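1. the sequence and its predicted three-dimensional model are supplied below.
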Amino acid sequence: MISHSSRSGRATSWQSWAYLTTFVATALFLGGCATTTSSGPYHVDAYAPVQPKNVKVLVSLNAEIVYVMEGDTCLLATPVTVGTPQNPTPTGSFRVTEKNPTKRSGEYGFWVNGATAVSGDAGKPPGPGYSYVGYPMANWVGFAPGFGFHEGYVWPIPRSHGCLRLHKNASAKFYQLVEIGTPVIIAQSLPEDASIGKTVVHPTDYKDPDPPASELISPNYFNEPRDKQLLPPAGTTASAAAPAPAPAQ
């Protein structure tokens, strides 16, 4: 569910600065999982895997971060919103069981009657003549009955009903990196929290207003632009490997 209620540089020589910039960019690229941006539209780098069958997903509930790993190589690290104590995200070992880029919630959404759209729970129409349309849960990746990763506002505190919400510009990349059968390990904390997790920056747009109901109930919502581009596998060069194409949604 994506609703908020559910949501001394000038003294450095040019040569030294250029060297430092190149060094940092190269180190981040070769190591995978470059830091996310802290200003402007949220962006996170994601790297195409060399062997997709070797990809696994790790989730730290305490750090509220998901790590997509291929062996020891980080392909993507990004914050997630986790479940509240009343509606906790399950822990343990799972596997991806389903993928649906245009999934809608079967529990929360809108009751629609002509041009009128009223938010509410499924099974509780506000009156006669209303039809139910669930909240969009784009790029759904299910791993247990009733639980999955999906697009939504990423708050820095537990706020979901147990699902794992990914930022719009991370969910499309995450969706490409996993397959049916990809292992998913969810724990309270992970060793990666002390290394990779230290460089992850949280999105700051979680308090933005929800899109209008007319947009959320429209099938065109799923066709809106998303940041889907994967970088070449970490450790390769752009000339040696082209970015993986983003599949149509």
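-> All right, it came through fine.
2. quick one, what contacts the most centrally placed residue in the chain?
-> The residue lying closest to the centre of the chain (C-alpha atoms, centre = their mean) is Leu166, at 2.7 Å. Contact analysis of Leu166 by C-beta atoms under 8 Å, 6 or more residues apart in numbering lists 66, 78, 80, 139, 149-152, 154, 174. In short, each C-beta sits where N, CA and C put it, glycine included.
3. roughly how far apart are it and Trp111?
-> 27 Å (C-beta to C-beta, to the nearest Å).
4. got it, and Ala122?
-> 9 Å.
5. beta-bridge partners for the residue nearest to the centre of the chain, please?
-> In this entry, Leu166 is beta-bridged to Glu151, by DSSP bridges.
6. where does pLDDT dip in this structure?
-> 1-32, 34-39, 236-249 (pLDDT under 70).
7. can you give me the strands in it?
-> In the chain, the segments counted as strands under DSSP state E are 55-60, 65-70, 73-79, 92-95, 98-100, 104-113, 116-121, 131-136, 140-144, 147-151, 164-166, 183-187.
8. just name the most buried of those strands.
-> Highest mean neighbour count of the strands of the chain: strand 164-166, a mean of 27 (counted as mean count of other C-beta atoms under 10 Å).
9. which outside residues touch stretch 90-101?
-> 57, 61, 138-144, 147-148, 162, 175, 178-188, 222, 249.
10. hmm, 6 Å instead?
-> Contact partners of stretch 90-101, identified using C-beta atoms under 6 Å, 6 or more residues apart in numbering, comprise 139-144, 178, 180-187, 249.
11. quick one on the thing from earlier: between Ala122 and Trp111, which contacts overlap?
-> With C-beta under 6 Å, 6+ apart, Ala122 and Trp111 have common neighbours Tyr132.
12. show me where the protein has its helices.
-> For the chain, the helices defined by DSSP state H cover 14-31, 168-177, 213-216.
13. compare the strands of the chain and give me the one nearest Ala234.
-> strand 73-79 (5.4 Å; C-beta to C-beta).
14. helices or strands up against the closest one?
-> Counting contacts by 3 or more C-beta pairs under 6 Å, 6 or more residues apart in numbering; DSSP states H and E, strand 73-79 is packed against strand 65-70.
15. neighbouring strands - and their directions - for the strand it packs on?
-> Checking strand 65-70 against DSSP bridges gives partners strand 55-60 (antiparallel), strand 73-79 (antiparallel).
16. roughly how far is that strand from the heart of the chain?
-> With C-alpha atoms, centre = their mean, to the nearest Å as the basis, strand 65-70 stands 11 Å off its chain's centre.
17. rewinding a little: between the strands of the chain, which gets nearest to His43?
-> Nearest of these (C-beta to C-beta): strand 73-79, 10.1 Å.
18. what's in contact with that closest one?
-> So strand 73-79 is contacted by 32-33, 44, 46-47, 49, 64-65, 67-68, 154, 170, 177, 196, 200, 202, 234 (C-beta under 6 Å, 6+ apart).
19. any quick ChimeraX command for the buried ones out of those?
-> Restricted to buried positions by 16 or more other C-beta atoms under 10 Å, the ChimeraX selection for these reads:
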select :32,33,44,46,47,49,64,65,67,68,154,170,177,196,200,202,234
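20. dump the strands of the chain into a markdown table; add distance to Glu215 as well.
-> Conversion of those to a markdown table gives the following (distance: least, C-beta to C-beta, whole Å):
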| stretch | distance to Glu215 |
| --- | --- |
| strand 55-60 | 29 |
| strand 65-70 | 26 |
| strand 73-79 | 24 |
| strand 92-95 | 32 |
| strand 98-100 | 20 |
| strand 104-113 | 11 |
| strand 116-121 | 10 |
| strand 131-136 | 9 |
| strand 140-144 | 19 |
| strand 147-151 | 14 |
| strand 164-166 | 18 |
| strand 183-187 | 30 |
